[in-house]
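> Pasted the sequence and its predicted model underneath.
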Amino acid sequence: MSTTKIGWIGLGKMGIPMSQQLVKAGYPVSVYNRSKGKEDILRAIGATTAATPALLIQQVDLVIIMVSDDKAIHDIFNGEDGLLSAKTSGKIIINMSTVSPAISKQMAGLCEQQGNHYLDAPVSGSVKQAEDGTLVIMVGGNESVFEQAKPVLEKIGRLAMRVGDTGAGNTAKLVINTLLGIYAQGLAEAVVFAQQNGIAATDLLTLVNNSALGSPFIKIKGEAINNDNYNAAFALKHIAKDLRLAKDLGLSTPLGEAAFETFQQAESTLGEEDIIAVIKEVGK
């Protein structure tokens, strides 16, 4: 059993199974979440809770954050009872949220002023990979701090890889999610094009999955299309947000621009559905 005390902030669809991996691995885990009902899920398997981020960081050696966007990160660090209000030092703070490189650089600077360490470490994968502990984790920050945190990250993912200094993990994640948006739109367009020309979606997807183009993504999202199941594993509003962040970072390639435009258009009506609900937008 590890003696590293871990604090966890953010118990959404990804945060719950990710933090559960650490409890199962034997780490002492304390959690904070804005809505209190979700904390009970972790408490039931042995985690403790903290009333505020400030109280949480005082109790632990390492804090992991998994929330939705830049605003949430700003509030967690700079709020009245935020992480920075505790005036701690020597802590490692790992932000696993998909946010902008800019907010990571800003928060890393504030952490450094207090004598704490910051890593940006977003993940590739969805709820199933979080439940299986097989996420891919891309990390930006100091190499020696990364090496200290790596054993913890390896309980959450099958690969934890440092790709550069602060913000590099966020940048890598936005690149990957740009490709994800392109993949999703490409799959949706292929199915719509096939159906418009008399080829059933089920037949097309069988052909694709048995070809060099087959992939776990196409298999999973193809099944969703076949079953008309658009319950969100990864909500369309999140890819729309990620593409906006990528655009802010300079995304201007032809396919990237096309995905950006499509998902922005789809977000208002399809935002709460799964990413592959983009088929409803391209099939209009």
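Done, it's in. What you are looking at is a predicted structure, and each value in this text was computed from that prediction instead of being measured.

> thinking Asn78 is in contact with Leu84, fair?
Yes - contact status for Asn78 versus Leu84: in contact at 6.1 Å, counting by CB atoms under 8 Å. Where you see a C-beta, it was placed from the backbone N, CA and C, and this is true even at glycine.

> what residues are shared contacts of those two?
Counting by CB atoms under 8 Å, 6 or more residues apart in numbering, the shared contacts of Asn78 and Leu84 are Leu110.

> The two: which is more packed in?
Leu84 (20 against 14; other CB atoms under 10 Å).

> Leaving out chain neighbours, which residue sits closest to the more buried one?
Phe77 (5.2 Å; CB to CB, 6 or more residues apart in numbering).

> Please name the residues that touch that neighbour.
Pro53, Leu83, Leu84, Met107, Leu110.

> Tell me how far the third one lies from Gly271.
It stands for Leu84. The gap separating Leu84 from Gly271 is 31 Å, by CB to CB, to the nearest Å.

> and Gly46, that's in a strand?
No - using DSSP: H, G, I helix; E, B strand; the rest coil, the assignment for Gly46 is coil, not a strand.

> from here on, count from 45
In the new numbering, first residue 45, that becomes Gly90.

> Enumerate every residue touching it.
Gly90 neighbours (CB under 8 Å, 6+ apart): Val67, Val73.

> Now it: phi and psi?
For Gly90, the backbone dihedrals (degrees, to the nearest 10) come out as phi 120, psi 0.

> how does this protein divide into domains?
50-208, 216-326 (automatic domain parsing).

> Can you give me the end-to-end span of the longest one?
Looking back up the chat, that one is domain 50-208. Across domain 50-208, the terminal residues are separated by 24 Å (CA to CA, to the nearest Å).

> repeat for the shortest one
Separation of the first and last residues of domain 216-326 by CA to CA is 27 Å.

> Much appreciated, bye for now.
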